[in-house]
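>>> For reference, the sequence and a predicted model appear below.
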Amino acid sequence: MTHPSSTLTIPSASAMPRHVAIIMDGNGRWATKRFLPRVAGHGKGVESVRDIVEACVERGIEYLTLFAFSSENWRRPAEEVSLLMRLFMTALEREVSKMHANGIRLRVVGDLSRFDEKLRRMIATAERRTAGNTGLTLTICANYGGRWDIMQAVNRLVQEKPGAASYTEEELGPYLAMAYAPEPDLFIRTGGEERISNFLLWQLAYTELYFTDTFWPDFDATALDQAILSYQQRERRFGRTSEQIVEQKKAS
Ligand code: IPE
Ligand code: IPE
Ligand code: MG
């Protein structure tokens, strides 16, 4: 099933965000501050992933999307890139059984063609194994870029429905990499930078943005709760007036 754009339909005002998307930034600086190599920060970052996944399951969040590796991260030194790939593989190896036992459905989105064969096979196996789970949907964005996503969607749409003079947003939606999820309600970026860095460009159109200076390896369940609290104090208007939103709430 695909989800209608949240810019067209107001998601029901629930206390918990249904979909949380996170740019996990600040691993390198966390390590450097401790006179450790950057890779130590990535290792510690994996522990935060484990904690935040668990916290999301406990809080009944339906979708958690984590930016693990951007299309631009290939520009990093080769050793750091290959270490990140190895970390990704070991994490998959170690965590998938536990995820499966916890009812988590795993998805990996991005241009996977650049990954080596073994990693691609591991991803496919993990996705297949957890496909029937109905708990948290955990999406890992790997070699993902928002512009890549929009272009791959456009290209597939044009290929499958050639010849139209123009296409609509609704026609494009199902071709986006995360068509299986509603658009994110809450976006979190750790590490102090206030930018999107080519994450989910299309899908973040009406997402509430939250930035924190906390480095990803220090981001824990308490920090997640602070972000959720900030989200819960906002009024999502989607272009409407505050009065309309109040009226709608009264009516429902
Ligand atoms: C985020 O941490 C992890 C990845 C991009 C893979 P960084 O490695 O970007 O950490 P900083 O920003 O250098 O501190
Ligand atoms: C964004 O972090 C990508 C991930 C967290 C995977 P970066 O640290 O690569 O972002 P920029 O380049 O500083 O914007
Ligand atoms: Mg960074």
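Nice, thanks for sending it over. Ligands and ions are numbered 1, 2, ... in the order given.

>>> on contacts alone, who are the packing partners of the helix or strand hosting Ala227?
According to DSSP states H and E, Ala227 maps onto helix 221-232. Where contact means 3 or more C-beta pairs under 8 Å, 6 or more residues apart in numbering; DSSP states H and E, helix 221-232 is packed against helix 38-59, strand 186-189, strand 208-211. Backbone N, C-alpha and C define where each C-beta goes, glycine included.

>>> can you list contacts of it?
15-17, 20, 51-52, 54-56, 59, 185-186, 188, 208, 210, 212, 214 (C-beta atoms under 8 Å, 6 or more residues apart in numbering).

>>> List buried residues within those residues.
Neighbour counting by 16 or more other C-beta atoms under 10 Å classes 17, 20, 52, 55-56, 59, 185-186, 188, 208, 210, 212, 214 among these as buried.

>>> which one is the residue of the stretch 101-250 of the chain found nearest ligand 1 nearest to, not counting chain neighbours?
Ranked by C-beta to the nearest ligand atom, the top residue of the stretch 101-250 of the chain for proximity to ligand 1 is Gly191, at 5.3 Å. In space, and not counting its chain neighbours, Gly191 is closest to Gly26: 2.8 Å by C-beta to C-beta, 6 or more residues apart in numbering.

>>> Would you check how far apart that neighbour and ligand 1 are?
4 Å (C-beta to the nearest ligand atom, to the nearest Å).

>>> mind listing what that residue touches?
Counting by C-beta under 8 Å, 6+ apart, Gly26 touches Gly41, Thr190, Gly191, Gly192, Thr214, Phe215, Trp216, Pro217.

>>> just Gly45 next, same as before
Counted by C-beta under 8 Å, 6+ apart, Gly45 has contacts Met24, Asn27, Trp30, Trp216, Pro217.

>>> Filter these down to the ones in helices?
In this view, the contacts of Gly45 that belong to helices under DSSP state H are Asn27, Trp30.

>>> just the buried members of the contacts of Gly45?
By 16+ other C-beta under 10 Å, the contacts of Gly45 give Met24, Asn27, Trp30, Trp216, Pro217 as buried.

>>> Now for the residues you listed: which two are most distant?
Spanning the widest gap among the buried ones among the contacts of Gly45 are Met24 and Trp30, at 10.9 Å by C-beta to C-beta.

>>> tell me, what's touching these two both at once?
Gly45, Trp216.

>>> if we can go back for a sec, among the buried ones among the contacts of Gly45, which ones lie close to ligand 2?
Met24 (C-beta under 6 Å from any ligand atom).

>>> Including pLDDT, could the buried ones among the contacts of Gly45 go into CSV?
Putting those into CSV (pLDDT from 0 to 100) gives the following:
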residue, pLDDT
Met24, 98
Asn27, 98
Trp30, 98
Trp216, 98
Pro217, 98
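
>>> With respect to Thr65, which of the buried ones among the contacts of Gly45 is nearest?
For the buried ones among the contacts of Gly45, the nearest to Thr65 is Met24 (10.7 Å; C-beta to C-beta).

>>> Test my guess that the closest one contacts Trp216.
Yes: between Met24 and Trp216 a contact is recorded at 4.3 Å, counting by C-beta atoms under 8 Å.

>>> Now do the shared contacts for those two.
Gly45, Ser48, Thr190.

>>> how about these in a markdown table, adding pLDDT?
A markdown table is the format used below for the shared contacts of Met24 and Trp216 (pLDDT from 0 to 100):
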| residue | pLDDT |
| --- | --- |
| Gly45 | 98 |
| Ser48 | 98 |
| Thr190 | 98 |
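
>>> Let me know the angle separating the helix or strand encompassing His100 from helix 38-59.
Element membership of His100 [criterion: DSSP H and E] is helix 78-101. Angle of helix 78-101 versus helix 38-59, following axes from the mean of the first three to the mean of the last three C-alpha atoms, to 10 degrees, is 20 degrees.
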